[in-house]
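Trainee: Quick one: sequence and predicted model below, then my questions.
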Amino acid sequence: MKTNFLFPSKFRKLAYAILVLIFVFIIIAGQLNLLANEPQIKLLVKSILMSLICLFLFFIQFSKYKDDDEMMLEIRLRLVMNALLSGTLYLIISPILEFFVFDGEIQEIKAGQIIMVLMIYQILMFQMKRYQLKKELNEELH
Amino acid sequence: MKNYIKIERARHNLTQGDLAEKVGVSRQTINSIETKKYIPSTVLALKIAKVFNMTLDALFELENDD
């Protein structure tokens, strides 16, 4: 089965290059004290940083591994579905909790934040599942 | 879904790795199919059946809870 929607494994290297870029960007922003500047520049710096992090996570999650086949594709799709469901639940529950339980003002949820959390969830769960499958295979062999 | 892949693999003297290579999937996938943790697609099931020169219904069997 072809897993056409995945990027070639080369894109994982691109993701690591973006990670380096993120660190360079953070160092430069820190050196130039950009976050202490006027709100518009602060917002711009945060937006660029958020976009780079999302891009890094996106390429990490959707780049092909050697063992990517139809079972892995099914695991990936199930994780995307779970992440979407968790994100939707978070969007519904979060304002209710803030208003009734924590007596605070309802905070605006940014799309970048939620995408980042969902990507991290998918990456962690996928790596855990891969590790679990490899462990099961090793146990079967011994 | 019950399957007889492990038995057939032993009969044909194939390792999980050999079978995985023949049908173009990973060893983990063959192991998961054998241990009934993953139900293969029709295409993959047909490929496996072809390796053993068997029909699908001879290799795979529905269980009551399917």
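Mentor: Yep, it's here.

Trainee: so which strand or helix has the most centrally placed residue in chain A?
Mentor: In chain A, the residue lying closest to the centroid (Cα atoms, centre = their mean) is A:Met119, at 2.5 Å. Taking DSSP states H and E as the definition, A:Met119 sits inside helix A:111-141.

Trainee: now that helix, how far from the chain's geometric center?
Mentor: Relative to the chain's own centre, helix A:111-141 is displaced by 12 Å; criterion: Cα atoms, centre = their mean, to the nearest Å.

Trainee: I'd say the residue nearest to the centre of chain A and A:Leu55 touch.
Mentor: No: under the criterion of Cβ atoms under 8 Å, A:Met119 makes no contact with A:Leu55, lying 10.0 Å away. All C-beta spots, glycine's among them, are computed from the backbone N, C-alpha and C.

Trainee: re earlier: where does the spatially closest residue to the residue nearest to the centre of chain A that is not a sequence neighbour land on pLDDT?
Mentor: Nearest residue to A:Met119 in three dimensions, chain neighbours excluded: A:Leu57, at 3.7 Å (Cβ to Cβ, 6 or more residues apart in numbering or on different chains). According to the prediction, A:Leu57 has pLDDT 94.

Trainee: Give me the neighbour count for A:Gln113.
Mentor: For A:Gln113, the count of nearby residues is 12 (other Cβ atoms under 10 Å in any protein chain shown).

Trainee: One more: A:Ile106?
Mentor: Applying other Cβ under 10 Å, we find 11 other residues in the vicinity of A:Ile106.

Trainee: go on, A:Asn33?
Mentor: 8.

Trainee: Same question for the one 3 residues further on.
Mentor: A:Ala36: 9 surrounding residues under other Cβ under 10 Å.

Trainee: what sits against it?
Mentor: Listed by Cβ atoms under 8 Å, 6 or more residues apart in numbering or on different chains, the contact set of A:Ala36 reads A:Lys42.

Trainee: ranges for the helices of the chain?
Mentor: The chain I'm using is chain A. Secondary structure of chain A, counting by DSSP state H: helices at A:10-31, A:39-61, A:70-96, A:111-141.

Trainee: You answered for a different chain; I wanted chain B.
Mentor: So, for chain B - with DSSP H - the helices run B:5-11, B:16-23, B:27-34, B:42-51, B:56-59.

Trainee: For chain A, which residues are neighbours of chain B?
Mentor: Applying Cβ under 8 Å from any Cβ of the partner chain, one finds that chain A approaches chain B through A:1, A:66-67, A:69-72, A:74, A:133-134, A:136-137, A:140.

Trainee: And these, which is closest to A:Phe23?
Mentor: A:Lys66 (27.8 Å; Cβ to Cβ).

Trainee: Return the backbone torsion pair for that closest one.
Mentor: phi -60, psi -40 (degrees, to the nearest 10).

Trainee: So for it, what pLDDT did the model give?
Mentor: Taking A:Lys66 on its own, its pLDDT is 86.

Trainee: What are the neighbouring residues in contact with it?
Mentor: By Cβ under 8 Å, 6+ apart, A:Lys66 lies in contact with A:Ser9, B:Ser26.

Trainee: picking up where we left off before, quick one: the helices of chain B as JSON lines, columns for mean neighbour count, distance to A:Met125 and mean pLDDT too.
Mentor: Below are these laid out as JSON lines (neighbours: other Cβ atoms under 10 Å in any protein chain shown; distance: least, Cβ to Cβ, whole Å; pLDDT from 0 to 100):
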{"stretch": "helix B:5-11", "mean neighbour count": "15", "distance to A:Met125": "28", "mean pLDDT": "95"}
{"stretch": "helix B:16-23", "mean neighbour count": "17", "distance to A:Met125": "24", "mean pLDDT": "95"}
{"stretch": "helix B:27-34", "mean neighbour count": "23", "distance to A:Met125": "16", "mean pLDDT": "94"}
{"stretch": "helix B:42-51", "mean neighbour count": "16", "distance to A:Met125": "24", "mean pLDDT": "96"}
{"stretch": "helix B:56-59", "mean neighbour count": "13", "distance to A:Met125": "32", "mean pLDDT": "94"}
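
Trainee: Appreciated, that's everything.
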